[in-house]
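> Sequence below, structure please.
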Amino acid sequence: MSKTVYIESSVISYLTARPSRNLIIAGHQASTAEWWQEYLEQYEAYISPLVIEEISAGDPEAAADRLRAIERIPSLSISEEAQVIAEALLSSKAVPANSSRDALHIAIAATQGIDYLLTWNFKHINNASTRTLVINTISNFDLVCAVLCSPEELMGEDNAK
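Numbers count the residues shown, from 1 in each chain. Model (predicted):
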């Protein structure tokens, strides 16, 4: 049985963006493209209506590119439980109060039993200093937090087995 991965908006943005002159961002873009081409098919991938909303914003041409990239990826629903958990992530300060969408991405993955949450958002989602608080908040609801990781972290021979 394949592992599941929830693909957060930043990954899709990095995948479809024009190549950056910033070396770090360019490296992330290259890693994202490699993961998408070489590893995506090893997982049951999902997005959510929140991802669709976020990647639909901005420049219409860029938004169309982002939407094309995910057109075959199924969308998970946003349950009331996910909304409650997102609020708990905010109130516990696991995620900053001004980052309700980031909290909701984490909560959607948790309520749907997703194995990995793929993101380039190191500030509010995949953050070493808040990860334990995120995991503990999710576990208070008797759920398991998805592994919060970047495409670079999810590359490897045995990850999807």
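> which element is the most far-flung residue of the chain relative to its centre on?
Centroid-distance maximum for the chain: R21 at 24.1 Å, with C-alpha atoms, centre = their mean. Using DSSP states H and E, R21 sits in no helix or strand.
> Check what pLDDT it gets.
Confidence at R21, expressed as pLDDT, is 95.
> now do the one 4 residues further on
Here, the pLDDT recorded for I25 equals 95.
> swap in T16?
Taking T16 on its own, its pLDDT is 96.
> Against which helices or strands is the host helix or strand of A103 packed?
Assigned by DSSP H and E, A103 belongs to helix 100-111. The helices and strands touching helix 100-111, judged by 3 or more C-beta pairs under 8 Å, 6 or more residues apart in numbering; DSSP states H and E, are strand 4-7, helix 49-56, helix 80-91, strand 116-118, helix 131-139. The C-beta positions use only the backbone N, C-alpha and C, and glycine is treated the same way.
> Just the mean pLDDT for the shortest one, thanks.
To tie it back to what came earlier, the one meant is strand 116-118. 98.
> Check the longest one too.
In this model, helix 80-91 has a mean pLDDT of 98.
> any idea how far R21 is from the spatially most central residue of the chain?
The centre of the chain sits closest to E8, judged by C-alpha atoms, centre = their mean, with a distance of 2.7 Å. Counting by C-beta to C-beta, to the nearest Å, the gap from E8 to R21 is 24 Å.
> Run the chain-centre distance for stretch 26-38.
15 Å (C-alpha atoms, centre = their mean, to the nearest Å).
> which other residues reach that stretch?
By C-beta atoms under 8 Å, 6 or more residues apart in numbering, the residues outside stretch 26-38 that reach it are 11, 14-15, 17, 19-20, 69, 118, 120, 150-152, 154-155.
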